[in-house]
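1. Here is a sequence together with a model predicted from it:
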There are 4 protein chains.
Amino acid sequence: MSASAQKHVPPQAGGTLPTEVKDAFWARPIETAGWCFTATGSRFHIHASAGAARTPLEKIADAGLVHRLTGVTPEVAINTLVDLVDETPANLRAACDEAGIRIGSLCPNLSRDNRFRFGSLTNSDAGIRATARDLVTRCLEHADTLGATALSLWLPDGLHYPGQADIARRYEDLANELAQISGQVPDGLQFLLEYKLFEPAPYYTDIPDWGTALMLAETAGENCTVLVDFGHHAQGVNIPAILALLMRRKRLGALHINDRLNADDDLTVGAINPYMMFLSFCELAASGMHEDIRFGFDQHHTTKSPLMATVQSVCRVQELWLKALLVDRAALAEAQENHDTVASEEVLQSAFWTDVRPILEEWREERGLPRDPMAALAASGVLAENEIRRK
Amino acid sequence: MSASAQKHVPPQAGGTLPTEVKDAFWARPIETAGWCFTATGSRFHIHASAGAARTPLEKIADAGLVHRLTGVTPEVAINTLVDLVDETPANLRAACDEAGIRIGSLCPNLSRDNRFRFGSLTNSDAGIRATARDLVTRCLEHADTLGATALSLWLPDGLHYPGQADIARRYEDLANELAQISGQVPDGLQFLLEYKLFEPAPYYTDIPDWGTALMLAETAGENCTVLVDFGHHAQGVNIPAILALLMRRKRLGALHINDRLNADDDLTVGAINPYMMFLSFCELAASGMHEDIRFGFDQHHTTKSPLMATVQSVCRVQELWLKALLVDRAALAEAQENHDTVASEEVLQSAFWTDVRPILEEWREERGLPRDPMAALAASGVLAENEIRRK
Amino acid sequence: MSASAQKHVPPQAGGTLPTEVKDAFWARPIETAGWCFTATGSRFHIHASAGAARTPLEKIADAGLVHRLTGVTPEVAINTLVDLVDETPANLRAACDEAGIRIGSLCPNLSRDNRFRFGSLTNSDAGIRATARDLVTRCLEHADTLGATALSLWLPDGLHYPGQADIARRYEDLANELAQISGQVPDGLQFLLEYKLFEPAPYYTDIPDWGTALMLAETAGENCTVLVDFGHHAQGVNIPAILALLMRRKRLGALHINDRLNADDDLTVGAINPYMMFLSFCELAASGMHEDIRFGFDQHHTTKSPLMATVQSVCRVQELWLKALLVDRAALAEAQENHDTVASEEVLQSAFWTDVRPILEEWREERGLPRDPMAALAASGVLAENEIRRK
Amino acid sequence: MSASAQKHVPPQAGGTLPTEVKDAFWARPIETAGWCFTATGSRFHIHASAGAARTPLEKIADAGLVHRLTGVTPEVAINTLVDLVDETPANLRAACDEAGIRIGSLCPNLSRDNRFRFGSLTNSDAGIRATARDLVTRCLEHADTLGATALSLWLPDGLHYPGQADIARRYEDLANELAQISGQVPDGLQFLLEYKLFEPAPYYTDIPDWGTALMLAETAGENCTVLVDFGHHAQGVNIPAILALLMRRKRLGALHINDRLNADDDLTVGAINPYMMFLSFCELAASGMHEDIRFGFDQHHTTKSPLMATVQSVCRVQELWLKALLVDRAALAEAQENHDTVASEEVLQSAFWTDVRPILEEWREERGLPRDPMAALAASGVLAENEIRRK
């Protein structure tokens, strides 16, 4: 290990960090998601959860509270096929205005419609595909009213069994449908396409990996980029590298940040492997293009208060993001050039092990935010109130 | 490869097979499961399924039909916390009598009870543990009336997050509860304990693997044995070997036969890797103790008719079981003694590739059963009828 | 399940099969690989293997014998960085002529060169990249003499640790090197690019998945296609689908056929999951473009005679390939159109369970080949001879 | 989250920590391993590594240097089938004395012996089993001379293919051999038994998981305990829980600490998931029995200086171990009792994120050790010297 790589100076207080780091830190918004505030469970059972949001307006209220506590979650994603059914666009907008936030991603989740049991945008029946496409794009009419900034698409489509359908035919049909959708997305909105290895389809999902998603995005149109959900990969796959290659191709659009051990567990950030999340953030920080990439959540909270879990995830993202910004890139580049594997690793580890919590507390206070958003939420009484009001 | 190992004589017709093979074949009952006849889905959505059973009595009717078509499914497992709530023991028994089958396993599925969000038999609260134990054992009062033959326990217990609870404490409490339950199981009933790597708990399940299940079963009592569900393992784990070691320890009690690719996919038998199922059956056939081991199903059918899927699974089990019985054990032993890895593998492959379907058709006809149960079900009109009657 | 899907008529003898099936069957050559005939082992130890080939000429002799026994392996792949170092091109060609076979793929395996510890075509040092490129392309000078038909490239490049190198930089450099190599490949030769999830690099390999390989192949040039090794994937990945999508993109060039349970185990064909191999072959058979796709082997034999293991693999490929040709595509299409998941699966299973061994024996005899190549090899005395001659 | 759980006070300097923590920290020795100082690679190639140890005495010299730099590695494990062949016990002992360390574990690694291709202690040939047993136990004659403290056994035994051998027979034979070995282990020495999911055998290893290892250890004798290598598990398996259950059973004997992404990658500590290592250490720290459990390494260094990599691993273990000691157990217990999943997780995370490096530097200085052992090694010139001396 070279001597220079070793000379890390861990920051002792926020004040000593370069201004660029602080600026880059605060330039990082995180989108919350309305459905993350609701009760959830497993295929066996949805656990009733006292305090969880039950309506579109409660979801927005929760998202607004998270923003007031953290100052970095100005947008909330909504499931258009629930929230725009149960509530009018105008009411959603008004609720957002009151909560001090905006609608971000429009997420039409097609998984709850029996018509799509054998595929939505991949169905062999052109009529069913059109129905699905219509459900996806209908929300775009309200994009203006809602002030939305993205159309974000995840498909429940796939095969349960070998032979169930013609995979290449489905790919073709899907590519065509996505191109049509792409054409309908208004300028200024991202069109995000998500992939997932399995679930709900166990044998094959129609967009199983980043390679398929990238091909589809490139065919669909210039506005189409890939959304990477950290829980949607096979075991052993290197996610930081996927991010690097998608950015190189200018097709990384967004992240769904969560953690997992075995399946798409949708746990809060850093619950299983915070180092891998840090390494992912390092790729983004090094790319110089992270400002164009949306940070969002897709999580399900069965044993945590959804509201507290979201605040916890925001704080953890902030900590890991700041650690990624602290990486000494010059030292890293030098160690890499020298093929000094220990030194290059230690540059990363040194940033990772830096305790950024005191810095964050200071920085939050400067902005008039609670030093410790989780403690502030715990102390606020809101959780207890919600448990009573939202039975 | 030795010359002798090569001299396999694939059976050309059922008549040429040794009587022992035929006897061992027909001595193999398979238990169906009531819940496998119902509509199912994912954590996102339960797909309504026209034709699926909706009530305990419809489940029993379906199980009876499977037995009439195949002749090898005289017992049906029930979820006591659903079926004994919705129906009286006497009515269930009467329905079974009418359907020509018996209740087999009593399966109290604790996953749908909010009280057990943080554990049932593993909860830190002794009162909640007692509640769970009571729910498990209450059905034993009706074991006689129902004519049941086993108490089969799978627990939804586990941890969503690191730190959530003390794993060793939970193990102790669980061991104590299981010992109490073991003491309440009447003579003549099996007490089956199931393990599962993940789901619904993502970070840790309290009985994650066969080692934990075996330790718990041995502590619980002489009547407690392990139930192996093929979908409940980590990737790459050798299930045939687990069966061999559990049998050696005299603690293999039952199988839940299904297939999977990524998670506990609960697919029909042989859908992904029929060879691995065959290898598992080979271990059972070679052990000489398979008659004491229950064959059962735990499957969920989202894109298949549950009734047809069950008949399909029964037929596939029969085919793979017969192939396992056809293995030339003398040739296998000789090849193994010679360390002739190719020859020993080919003995297995030779049995696996034998087309047993004509033999099975003949044998079924001899017993007055439909030669092709799936075709018979398709031709019967029952599926169409059910789609109308069971909206 | 529809009635028509059910009416499968399993072929009773080769004579009853359509001529097209027989033609398609015999139109399927399989390339053997010289290195598969040698002694192998693990990172802990290379097991000495009496009888294994020790020299380039012994490898070719073994490949020739496999072709004489099976009639379908007219080409052999060579590791140019071993075989062209230890032997002259002219001698290799002469040995092939004598053995009645041809050189097929030229495979420069860069893994045994200390200079490439930190990367070959991906090294940050342009000089080392040039060295590697030169090693790869030097064999092309002899392509004519050797009569070779492909340049096949697998890279040992990758990262052992996070931070070790800049992944995006490596990708760029690799893309440039591949484009240069592509330009040097003579007309008429395939340029095959292989991917692999892990090993020897544990943290990241530079071509980890089919998406990366496809991007690189498309950038490299029109002659560059992807080679899929069945053992190079993460657990749970759907390989048949990858083949379908690569064919659709006209970039599937070749297969390395083997089986595995956990890592790149390089086992003989069908050892772990023959059904998944069958499903892969079904995609090829259905595509109508399989004749352009090379079938080859990459296997390592520690407990089997390499020669016997290769014959075994050839026979198993033939059996599975014939089963794939037997799939009733009209019935499959009808079942798919009807969303009859059971029926479509049963069309596949029906072909899979057909015992094609008697057909193959007949067909081989018609061509003057041994009815059972494995038995013929066992009876030939060659294995015993080799054990004496090749100590 | 309860208010009390939130009130963590991260230690600002070593002096403020309770004496018990400091004592528990220094009471934690780590055993180095001789083979970790040598050149290594993959099954494709062993990379020559300038500077790596080449002889038993060089390994001991390296181990001694690590102890001088860190003060916590007083013992070194040796591979008796290499080190006791190449050197006399007396010379090894003398070298240790000079280096200021002791021999710890005797590790007879049977993987390099062709006789054991089809099994060592599991071979069907009793003579071969006896040969293997003899190789394992022969080193015990020198235990006194060497001053060794453990016999540590990992077996390369297993099956490459289905059918290759009778798994239950092998288990029986292995159990008998282990019982005999157990009887020969002198009082005061640990007898450690290691398990591993795969490699070198791909289909089945004879001790694949902790359940099998535990059964075998309990049968073998009172002195036999299980060694857990972190890289020897299936993906998704919860290792901290395995440690907890083995400790409860009083059969956890030792750890091989390393990290991995896909296979048994043998990377330095914390390279992939330091949080999971921390959680494992938390189980040990909480158990009150960690002093009886050996901490050791099994690592292979292809792109790092083995000497530097070992120092790096020691430092990382120390950091993670100290973090585990900092967990506020009272707060954790309270949060667990309240089923406050966020609070219990945050107690762990709070300790994990504490930057212990300044504390460690201080503590090392107090003991007359280099504040930063890696920097000290880098500055010492030893690595450069070794590169010249050990070509």
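-> Happy to help now that I have it.

2. got the phi/psi numbers for residue A:27?
-> Main-chain torsions, residue A:27, degrees, to the nearest 10: phi -80, psi 10.

3. per-residue confidence for it?
-> With respect to pLDDT, residue A:27 scores 94.

4. and stretch A:330-350, which residues are buried?
-> For stretch A:330-350, the neighbour count (16 or more other C-beta atoms under 10 Å in any protein chain shown) marks A:331-332, A:334-336, A:338-350 as buried. All C-beta spots, glycine's among them, are computed from the backbone N, C-alpha and C.

5. what does the stretch 251-391 of chain A have sitting close to chain C?
-> A:279, A:283, A:287, A:332-333, A:335-337, A:339, A:341, A:344-345, A:347-348 (C-beta under 8 Å from any C-beta of the partner chain).

6. Pipe those residues into CSV and attach pLDDT per row.
-> Converted to CSV, these look like this (pLDDT from 0 to 100):
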residue, pLDDT
A:279, 98
A:283, 98
A:287, 93
A:332, 98
A:333, 98
A:335, 98
A:336, 98
A:337, 96
A:339, 96
A:341, 98
A:344, 98
A:345, 98
A:347, 98
A:348, 98
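
7. Helices - which of the residues you listed land there?
-> Using DSSP state H, the members of these that fall in helices are A:279, A:283, A:287, A:332-333, A:335-337, A:341, A:344-345, A:347-348.

8. Out of those, which are close to chain D?
-> A:341, A:345.

9. can you pull the contacts of the residue of the stretch 51-200 of chain A found nearest chain C?
-> Relative to chain C, the nearest point of the stretch 51-200 of chain A is residue A:163 (4.1 Å; C-beta to the nearest C-beta). Contacts here follow C-beta atoms under 8 Å, 6 or more residues apart in numbering or on different chains; on that basis residue A:163 touches C:332, C:335-336, C:341, C:344-345, C:347-348.

10. rerun at 7 Å
-> C:332, C:344-345, C:347-348 (C-beta atoms under 7 Å, 6 or more residues apart in numbering or on different chains).

11. got a list of what the closest residue to residue A:204 other than its chain neighbours touches?
-> In space, and not counting its chain neighbours, residue A:204 is closest to residue A:159: 4.3 Å by C-beta to C-beta, 6 or more residues apart in numbering or on different chains. By C-beta under 7 Å, 6+ apart, the contact set of residue A:159 is A:165, A:201, A:203-204.

12. rerun that using 8 Å as the cut-off
-> Contacts of residue A:159 (C-beta under 8 Å, 6+ apart): A:165, A:167, A:201, A:203-204.

13. Equivalent analysis for residue A:112, please.
-> Counted by C-beta under 8 Å, 6+ apart, residue A:112 has contacts A:81, B:44-45.

14. In helices only, show me those.
-> Counting by DSSP H, the contacts of residue A:112 contribute residue A:81 to helices.

15. In PyMOL, how would I select just the buried ones from the contacts of residue A:112?
-> Buried members of the contacts of residue A:112, defined by 16+ other C-beta under 10 Å, are picked up in PyMOL with:
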select buried, (chain A and resi 81) or (chain B and resi 45)
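
16. quick one: which of the contacts of residue A:112 is nearest to chain D?
-> The closest of these, once distances to chain D are taken by C-beta to the nearest C-beta, is residue B:44, at 21.8 Å.

17. How much space separates that closest one from residue A:185?
-> Distance, residue B:44 to residue A:185, using C-beta to C-beta, to the nearest Å: 24 Å.

18. so residue A:327 sits right up against residue A:281, yeah?
-> No - in terms of C-beta atoms under 8 Å, residue A:327 does not count as a neighbour of residue A:281; the distance is 9.4 Å.

19. Neighbour count for the two, which is higher?
-> residue A:281 (25 against 22; other C-beta atoms under 10 Å in any protein chain shown).

20. Doesn't that one lie inside a strand?
-> No - counting by DSSP: H, G, I helix; E, B strand; the rest coil, one finds residue A:281 to be helix, located in no strand.

21. so it sits right up against residue A:319, yeah?
-> No - contact criterion C-beta under 8 Å: residue A:281 and residue A:319 do not qualify, at 10.2 Å.

22. In chain A, which helix is the longest?
-> helix A:306-325.

23. Could you see whether chain B lies near that helix?
-> No - applying C-beta under 8 Å from any C-beta, one finds helix A:306-325 separated from chain B by no less than 9.7 Å.

24. chain center to that helix, what's the gap?
-> Relative to the chain's own centre, helix A:306-325 is displaced by 12 Å; criterion: C-alpha atoms, centre = their mean, to the nearest Å.

25. do the same with stretch A:247-260
-> With C-alpha atoms, centre = their mean, you get 8 Å for stretch A:247-260.

26. buried sites along it?
-> Buried residues in stretch A:247-260 (16+ other C-beta under 10 Å): A:247-249, A:251-260.

27. With stretch A:70-86 instead?
-> Quick answer for stretch A:70-86 (16+ other C-beta under 10 Å): A:70-84.

28. again, but for stretch A:35-54
-> A:35-43, A:45-47, A:49, A:51-54.

29. ok, which stretches of chain A are strands?
-> All strands of chain A, identified by DSSP state E, fall at A:32-33, A:75-78, A:102-106, A:150-153, A:158-159, A:190-194, A:204-205, A:224-229, A:252-257, A:294-297.

30. average pLDDT across the second one?
-> Translated: strand A:75-78. On average, strand A:75-78 scores 98.

31. cool, the first one as well?
-> When pLDDT is averaged along strand A:32-33, the result is 98.

32. The fifth one too?
-> Model confidence over strand A:158-159 averages 98 on the pLDDT scale.

33. Pretty sure residue A:72 sits against residue A:322.
-> No - assessed by C-beta under 8 Å, residue A:72 is found out of contact with residue A:322, at 11.6 Å.

34. Pull up the residues of the stretch 1-150 of chain A that are close to chain C.
-> Contact residues (C-beta under 8 Å from any C-beta) of the stretch 1-150 of chain A with chain C: A:117-118, A:124.

35. Include neighbour count, distance to residue A:306 and pLDDT when you put those residues into CSV, please.
-> Listed next are the residues of the stretch 1-150 of chain A next to chain C as CSV, based on neighbours: other C-beta atoms under 10 Å in any protein chain shown; distance: C-beta to C-beta, whole Å; pLDDT from 0 to 100:
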residue, neighbour count, distance to residue A:306, pLDDT
A:117, 20, 29, 95
A:118, 20, 32, 97
A:124, 17, 38, 97
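
36. Please list the members of the residues you listed that lie in helices.
-> Judged by DSSP H, helices contain none of the residues of the stretch 1-150 of chain A next to chain C.

37. will you turn the residues you listed into TSV that also has distance to residue C:98?
-> As requested, these are exported to TSV (distance: C-beta to C-beta, whole Å):
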residue	distance to residue C:98
A:117	61
A:118	57
A:124	54
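
38. if we take those, which one ends up nearest to chain B?
-> Of the residues of the stretch 1-150 of chain A next to chain C, the one sitting nearest to chain B (C-beta to the nearest C-beta) turns out to be residue A:117, at 5.6 Å.

39. how about the closest one, what does it touch?
-> Applying C-beta under 8 Å, 6+ apart, the residues contacting residue A:117 are B:47, B:302-303, C:339.

40. among those, which are within reach of chain A?
-> Checking the contacts of residue A:117 against chain A (C-beta under 8 Å from any C-beta), the matches are B:47, B:302-303, C:339.

41. Just give me the closest of those residues to chain D.
-> Closest to chain D, out of all of the ones next to chain A among the contacts of residue A:117 and judged by C-beta to the nearest C-beta, is residue B:302, at 23.6 Å.

42. burial of that closest one, as a residue count?
-> Residue B:302 has 23 neighbouring residues, counting by other C-beta under 10 Å.

43. List the residues that contact it.
-> By C-beta under 8 Å, 6+ apart, the residues touching residue B:302 are A:117, A:160, A:200, B:40-42, B:47, B:49.

44. Check those and tell me the two furthest apart.
-> Largest separation among the contacts of residue B:302 by C-beta to C-beta: A:200 and B:49, giving 14.2 Å.
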